[in-house]
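Visitor: 3D model of this:
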Amino acid sequence: MTSPHPDAVQPGAQAGRTGPVLFAYDGSDIAGYAIQYAATQLPPGREALVLCAWQPADVGFTPVGSQHFDANSAAEVEKAAADIAAHGAHLADAAGFRAQSATVQAAPTWKGIIATAAERQAELIVLGAHRHSRLAGHLLGSVATSVVAHAPGAVLVVHQRD
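Guide: Now for the predicted structure:
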């Protein structure tokens, strides 16, 4: 049996670097499905960061369970976003990742996702694509389209199950 060349790099990996998988998680069913789908495509035990990006007023995420908050109160929105991210990290842990949660305030939210991915040196961004009425939005979703266009590395876009 021969072993691979010691300098060989696995496809999709960068030499000397294996950053975390960043899950852009907004609490929606498609975001949860994206975590589950990624677990079928990536080796177990990967480090992951589950990020809930939010903005004041138009918060950009779905509250967990029956949680209610005042969208005009930054403190309440930030707490709700932290709860969303923690819920996503729980899903990621259950799917086989070693997950942490984080939040970022950004307007638009895609900028927070990109900035956090760059800051944390994420190797891959995973997000679910919501379908919208416009053609580009219908194909990917506005946040997904912007993340793909501006990402510092690889992006896995998971579409809604029909």
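
Visitor: tell me the secondary structure for residue 26?
Guide: The three-state label given to residue 26 by DSSP: H, G, I helix; E, B strand; the rest coil is coil.

Visitor: relative to residue 115, how far out is it?
Guide: Per C-beta to C-beta, to the nearest Å, residue 26 is found 17 Å from residue 115. For glycine as for every other residue, the C-beta is placed from the backbone atoms N, C-alpha and C.

Visitor: residue 106 too?
Guide: Noted for residue 106: a distance of 7 Å to residue 115, by C-beta to C-beta.

Visitor: that older thread, ok, residue 26 and residue 115, which is more surrounded?
Guide: Using other C-beta atoms under 10 Å as the criterion, residue 26 and residue 115 rank with residue 26 on top: 24 against 15.

Visitor: longest helix anywhere in this protein?
Guide: Longest helix of the chain, by residue count under DSSP state H: helix 74-94.

Visitor: which of the residues in that one are buried?
Guide: With burial defined by 16 or more other C-beta atoms under 10 Å, the residues of helix 74-94 counted as buried are 77-78, 80-81, 83-89, 91-92.

Visitor: likewise for stretch 115-132?
Guide: Across stretch 115-132, burial judged by 16+ other C-beta under 10 Å covers 116-117, 120, 122-130.

Visitor: with stretch 31-50 instead?
Guide: Buried, per 16+ other C-beta under 10 Å, within stretch 31-50: 31-35, 37-39, 42, 46, 48-50.
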